[in-house]
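Novice: no sequence on this one, just coordinates:
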């Protein structure tokens, strides 16, 4: 007598389908389009009965809308960690610990501030460029106009904005930490650190997207020129009055940072 197949609860079918779709979407990365997502392939990966799937989603478009909402929200890599690379805190704390002697003078503080910008901007730029989760996040932004219903578009956009908000909050906290350690303040009391984060964060993301395009066109003469502009070292200020290797993104971010931020003349270095 043939054993009856195990019955899979509807909620488990749903979760398996969403997780399988997420794997396929991560594989597609920045190349994600609706056409990449084949329902039959997802059913096979999820290892669930076709009949159960079609009871949940009568039409492929309904599944796609639910999947995109899931990818932007609960299924996003940024539901567990923000766009802002957490390693930034670790790198900065070590840098400040190694050069606390520079806090004794305004020139030393300014040099240390610039070094923090140089290193942390590069860390985040490279992390974005190499992250399949971030590429998927940006691809979802591009798919907003192709979703079937305005309700789905609103849900996806809201979930994406929530992920960005978490990164903004961490960046604001990071600026508060650096400002307290080096003695920095915003140039105008009408500005906020959220203004700085949004302007700087969008700059980093835009150049990281440009870098993705350049890497995808590897081998083309035009791509080699753009790659050199984006990623080759350029001279800039370093510690101890010595020059240091910067990149276009770190130097550009420094321009934004110094437009918003200055040394606090009333700040006193902590004892020890």
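Specialist: In hand now; what should we look at? What you see is a predicted model; the values in this text were computed from it and never measured.
Novice: ranges for the strands of the stretch 51-200 of the chain?
Specialist: 184-186 (DSSP state E, counting those that start in this stretch).
Novice: show me the shaky parts of it.
Specialist: Residues of the stretch 51-200 of the chain meeting the criterion pLDDT under 70: 75-86, 145-149.
Novice: can you list the buried residues in whichever strand or helix holds residue 23?
Specialist: Secondary structure assignment for residue 23, by DSSP states H and E: helix 10-28. Using 16 or more other C-beta atoms under 10 Å as the test for burial, helix 10-28 gives 13-14, 16-18, 20-22, 24-26, 28. Every residue, glycine included, has its C-beta placed from N, CA and C.
Novice: among these, which two are most distant?
Specialist: Greatest spatial distance in the buried residues of helix 10-28: 13 and 28, 22.7 Å, computed using C-beta to C-beta.
Novice: which parts of the protein are helices?
Specialist: 10-28, 39-46, 50-56, 60-72, 87-98, 106-130, 132-143, 150-182, 193-216, 221-231, 248-260 (DSSP state H).
Novice: which one of those lies nearest to residue 238?
Specialist: For residue 238, the closest of the helices of the chain is helix 106-130, at 7.0 Å, according to C-beta to C-beta.
Novice: check which helices and strands the closest one is in contact with.
Specialist: helix 87-98, helix 150-182, helix 193-216, strand 234-237, strand 243-246, helix 248-260, strand 261-263 (3 or more C-beta pairs under 8 Å, 6 or more residues apart in numbering; DSSP states H and E).
Novice: in it, which residues are buried?
Specialist: Per 16+ other C-beta under 10 Å, helix 106-130 contains these buried residues: 108-129.
Novice: mind giving me the domain split of the protein?
Specialist: Per automatic domain parsing, the domain ranges recorded for the chain read 10-72, 81-263.
Novice: can you list those domains in a markdown table and add distance to residue 269?
Specialist: Output for those, formatted as a markdown table (distance: least, C-beta to C-beta, whole Å):
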| stretch | distance to residue 269 |
| --- | --- |
| domain 10-72 | 44 |
| domain 81-263 | 4 |
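Novice: touching, residue 192 and residue 176? I think so.
Specialist: No: Residue 192 is not in contact with residue 176 according to C-beta atoms under 8 Å; the separation is 11.2 Å.
Novice: burial of the closest residue to residue 8 other than its chain neighbours, as a residue count?
Specialist: Spatially, and ignoring its direct neighbours in sequence, residue 8 is nearest to residue 48 (5.7 Å; C-beta to C-beta, 6 or more residues apart in numbering). Residues lying near residue 48 (other C-beta atoms under 10 Å) number 21.
Novice: over to residue 244?
Specialist: 17.
Novice: is residue 10 in contact with residue 52, as I believe?
Specialist: Yes: assessed by C-beta under 8 Å, residue 10 is found in contact with residue 52 at 6.7 Å.
Novice: residue 55: how many residues sit nearby?
Specialist: 11.
Novice: quick check: chain neighbours aside, which residue is closest to it?
Specialist: The shortest distance from residue 55 to any residue other than its chain neighbours is 7.3 Å, reached at residue 10 (C-beta to C-beta, 6+ apart).
Novice: what score does that neighbour have for pLDDT?
Specialist: The per-residue pLDDT reported for residue 10 equals 89.
Novice: residues touching it, list them.
Specialist: By C-beta atoms under 8 Å, 6 or more residues apart in numbering, the residues touching residue 10 are 52, 55-56.
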